[in-house]
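J.: Predicted model, plus sequence, below.
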Amino acid sequence: MARPKKLSVDRRNFLKGAIAGTATLAASAETVTAQPVAARMPRSAALTPPAPETDPPPDIEVVTTDHPGSDFMVDVLKSLDFEFVCANPGSSFRGLHESLINYGGNQNPEFITCCHEESSVAMAHGYAKIEGKPLCVLVHSAVGLQHAAMAIYNAYCDRVPVYIITGNTLDATMRRPGADWDHSVQDAALTVRDYVKWDDTPVSLQHFAESAVRAYKIAMTPPMEPVLLVADTELQEKANSEGAELRIPKLTVAKPPQGDSGSIAEAARLLVQAENPVIVVDNAARTQAGVEHLVELAELLQSPVIDKAGRMNFPTRHPLNQSTRSRALIAGADVVLGLELTDFWGAVNSFSDKLQPTSQPIAKGSAKLISVTTNDLYMKANYQDSQRYSQVDLAMAADAETTVPQLIESIKRQITADRKTAFQARGAQLAEAHLKSMENLLDDARYAWDASPISTARLSAEVWDAIKNEDWSLVSYIAHFNWWPLRLWPVEKHYQFNGGPGAYGMGYNAPAAVGAALANRKHGRLTVNIQCDGDLMYAPGILWTAAHHRIPILNVMHNNRAYHQEMMHLQRMANRHNRGIDRTWIGTTLDDPSIDYGKLAQSLGMYAEGPITDPKDLSSALRRAIEVVKRGEPALLDVVTQPR
């Protein structure tokens, strides 16, 4: 966006113009005409010449400044190389907002207008998982932070860096009457302190500069998590009195921690000697290099890989990808290597949700469990995202992506010819099992192929057929879609699937998908979002953000007209209480009236079609929508689907 030209206004001419304009307006409002202006004025006013202009009195109020503190704050943000700042506008950061768009030229960062603070943070969440770095989010004081809280918690549980600045007026004598008091707090960060990695409230511009750089470094050090700065309104809006004394510190991002050499050597020994090792991965690969190192590790050992799909970690069509055989493989394992598992206990145990919940081990008691995770480096007490404690035999508090290359080298040094022969035989058996598993999946996908509402497998297959020749990126959580895209599509690149919300918070998917699409835009990728209906209704304004900022994204609605997971929970309770399930639609369905997502999207400026109920109409509709997206605009298809 071009910066507006600065206007030089002469005060004397401006006042003359203002007086003349006032007189004109007054004359047009008169009901009686035909009198000269002088005749309607008091004689003294009409005949007395204006007094000559003098210097302004010494106590005149100063109402402008050329160097507000917010300008320096923008300099700091530019030094951190933010591409975008997402925000719903708020008065507590009005100074910073104005400096971003005028002083900063609305470039690096560019202002992205959101309709809800939760959407702003979720956009940053999705963006970071694609781009590998945070964007900046501005939230309005106490109420904006309260709106943003759920999205911040999602990012915290997902170990994703989000950089948040909230405004606040701490000095009570500086607050405007009314809303300023309701929106100001003594400790602004307190609302979310339990689920941000670090926060600070700078009291000077130099303090802001140093804390801003520190916050970025902390956010980008594994485990990566949200950080929060409080920008006081007075600090933003008052003249920069520190002037040339201010400096912006140099940013040096810390190298991720690596496992110690002794533990790596021991892990390598256990894996080389194992007859049935299993590698379980969750948030292990942040980059394509991380994916390739995992492939090298698995192929070196000819070990099966179970991908828990917190990210795209391992190619879905690789013969060693045995994710559909998780329970059987872990039951037979003598060594289990867990890489960045958010729930190691859940990987090696089963849990039965009955009237009296029970659990039992899946893994053998003799199996050796090895953990490599940065989660051991950082934990807080209140929120229970740590999952149940798992007893392991070897724990490395280290970054898995950084540690795996060293583990590979240690394994290479320990492999003998005999072990290599055994590995090859194991790999052949796993490849055969993989082929059989794929055949079973294809058989399952054919069920209800021509049904209406449309089956989730059929929709997945149709979307794949439409995008298979594109450089595509799937940016939606698909557990509610029966995981069909990961089960059917050949997913190979790290940006082709970016995982779920972290804390399973509804309202995440739609804005996170738009944030991911924003990151994909400069790379020319076709972004695909399979969007749950209930999730979209938390903050449908994100569709307007995508349309307004020309963020190309293909939204395909998974419109099952219900919060279906909650319906299943209610059915379970009804069965448990011997009452039947015929009333479990109450409070869980989204019909009567059914929501027309096509019209909703169109009303917000987006190309849309639907509702589509006949699977035979999918192919042509997808083709038309993709043409729109490839022109650089968002599109939405409302597809009425089976529940799962």
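T.: Arrived safely, thanks for sending. Treat the numbers as computed from the prediction; the structure is a model and nothing was measured.

J.: now the helices: where do they sit in the stretch 451-600 of the chain?
T.: For the stretch 451-600 of the chain, applying DSSP state H, counting those that start in this stretch gives helices covering 456-467, 484-488, 509-521, 533-536, 542-548, 564-576, 597-603.

J.: of those helices, which approaches I370 most closely?
T.: Closest to I370 of these is helix 484-488 (CB to CB; 25.1 Å). Glycine gets a C-beta too; all of them are placed from N, C-alpha and C.

J.: angle of the helix or strand hosting A608 against helix 456-467?
T.: Using DSSP states H and E, A608 maps to strand 607-612. Strand 607-612 runs at 150 degrees relative to helix 456-467, counting by axes from the mean of the first three to the mean of the last three CA atoms, to 10 degrees.

J.: Output the helices of the stretch 451-600 of the chain in TSV; the columns should cover mean neighbour count.
T.: Listed next are the helices of the stretch 451-600 of the chain as TSV, based on neighbours: other CB atoms under 10 Å:
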stretch	mean neighbour count
helix 456-467	22
helix 484-488	22
helix 509-521	29
helix 533-536	24
helix 542-548	24
helix 564-576	15
helix 597-603	19
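
J.: want to throw those into JSON lines with mean pLDDT and distance to M150?
T.: Putting these into JSON lines (pLDDT from 0 to 100; distance: least, CB to CB, whole Å) gives the following:
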{"stretch": "helix 456-467", "mean pLDDT": "97", "distance to M150": "26"}
{"stretch": "helix 484-488", "mean pLDDT": "95", "distance to M150": "25"}
{"stretch": "helix 509-521", "mean pLDDT": "98", "distance to M150": "11"}
{"stretch": "helix 533-536", "mean pLDDT": "96", "distance to M150": "12"}
{"stretch": "helix 542-548", "mean pLDDT": "98", "distance to M150": "14"}
{"stretch": "helix 564-576", "mean pLDDT": "93", "distance to M150": "17"}
{"stretch": "helix 597-603", "mean pLDDT": "98", "distance to M150": "22"}
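
J.: Of the ones you listed, give the one that comes closest to E98.
T.: Each of the helices of the stretch 451-600 of the chain has some distance to E98 by CB to CB; the shortest is helix 542-548, at 19.7 Å.

J.: Can you pull out the residues in contact with that closest one?
T.: 112-116, 119, 123, 510-511, 514, 517, 536, 551, 553, 555, 600-601, 604-606, 633-634, 636 (CB atoms under 8 Å, 6 or more residues apart in numbering).

J.: if we go to 6 Å?
T.: Contact with helix 542-548 is made by 114, 119, 510-511, 514, 553, 601, 604-606, 634, as judged by CB atoms under 6 Å, 6 or more residues apart in numbering.

J.: Stretch 214-229: end-to-end distance?
T.: End-to-end distance of stretch 214-229 (CA to CA, to the nearest Å): 10 Å.

J.: before we move on, what about stretch 353-370?
T.: Stretch 353-370 has its terminal residues 28 Å apart, counting by CA to CA.

J.: Figure out how far that stretch is from the centre of its chain.
T.: Centroid displacement of stretch 353-370 relative to its chain, using CA atoms, centre = their mean, to the nearest Å, is 33 Å.

J.: Strands along the stretch 351-500 of the chain, start to end?
T.: 358-361, 368-373, 394-397, 472-474 (DSSP state E, counting those that start in this stretch).

J.: Nearest approach to S70 belongs to which of those?
T.: Once the strands of the stretch 351-500 of the chain are compared by CB to CB, strand 472-474 is nearest, at 35.1 Å.

J.: what helices or strands is that closest one leaning on?
T.: Judged by 3 or more CB pairs under 6 Å, 6 or more residues apart in numbering; DSSP states H and E, strand 472-474 is in contact with strand 526-532.

J.: Now the strand it packs on: average pLDDT?
T.: Taken as a whole, strand 526-532 has a mean pLDDT of 97.

J.: looking at this protein, which helix or strand is least sure?
T.: helix 37-40 (a mean of 38; mean pLDDT, DSSP states H and E).

J.: circling back: and the strand holding A608, how far out from the chain middle?
T.: On CA atoms, centre = their mean, the centre of strand 607-612 falls 26 Å from that of its chain.

J.: average pLDDT across that strand?
T.: 97.

J.: The helix or strand that comes right after that strand to helix 509-521, inter-axis angle?
T.: Using DSSP H and E, the next helix or strand after strand 607-612 towards the C-terminus is helix 618-630. Angle, helix 618-630 to helix 509-521, by the same axes, to 10 degrees: 60 degrees.

J.: buried ones in helix 618-630?
T.: 618, 621-622, 625-626, 628-629 (16 or more other CB atoms under 10 Å).

J.: Show me how far it is from its chain's centre.
T.: For helix 618-630, the separation from the chain centroid amounts to 26 Å (computed by CA atoms, centre = their mean).

J.: residues in contact with the following helix or strand past it?
T.: If you walk from helix 618-630 toward the C-terminus, the next helix or strand you reach (DSSP H and E) is strand 635-639. Under the criterion CB under 6 Å, 6+ apart, residues 454, 459, 554-557, 559, 597-598, 601, 606-612, 621, 625, 628-629 lie in contact with strand 635-639.

J.: Also stretch 302-314?
T.: 277-285, 294, 298, 320-323, 326, 329, 423, 426-427, 430, 491, 494, 496-497, 499.

J.: From A189, how far off is I612?
T.: Using CB to CB, to the nearest Å, I612 is found at 46 Å from A189.

J.: same for the strand or helix carrying A128, what does it pack against?
T.: Following DSSP H and E, one finds A128 within helix 117-131. Helix 117-131 sits against strand 84-87, strand 136-139, helix 141-157, helix 509-521, with contacts defined as 3+ CB pairs under 6 Å, 6+ apart.

J.: can you put the ones you listed in CSV and add distance to R269?
T.: Converted to CSV, the helices and strands packed on helix 117-131 look like this (distance: least, CB to CB, whole Å):
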stretch, distance to R269
strand 84-87, 47
strand 136-139, 46
helix 141-157, 34
helix 509-521, 40
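
J.: Looking at the ones you listed, spot the one closest to E245.
T.: Judged by CB to CB, the one of the helices and strands packed on helix 117-131 that comes nearest to E245 is strand 136-139, at 25.1 Å.

J.: who does the closest one pair up with?
T.: Looking at strand 136-139 with DSSP bridges, its partner strands are strand 84-87 (parallel), strand 163-168 (parallel).

J.: could those strands go into CSV alongside mean neighbour count, distance to Q302 and mean pLDDT?
T.: What follows is the strands paired with strand 136-139, written out as CSV (neighbours: other CB atoms under 10 Å; distance: least, CB to CB, whole Å; pLDDT from 0 to 100):
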stretch, mean neighbour count, distance to Q302, mean pLDDT
strand 84-87, 26, 44, 98
strand 163-168, 26, 42, 98
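
J.: Now tabulate those strands in JSON lines and tack on distance to R525.
T.: Output for the strands paired with strand 136-139, formatted as JSON lines (distance: least, CB to CB, whole Å):
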{"stretch": "strand 84-87", "distance to R525": "17"}
{"stretch": "strand 163-168", "distance to R525": "23"}
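
J.: which helix is the longest one in the chain?
T.: helix 417-445 (DSSP state H).

J.: That helix: how far from the chain's middle?
T.: Distance, stretch centre to chain centre, for helix 417-445: 35 Å (CA atoms, centre = their mean).
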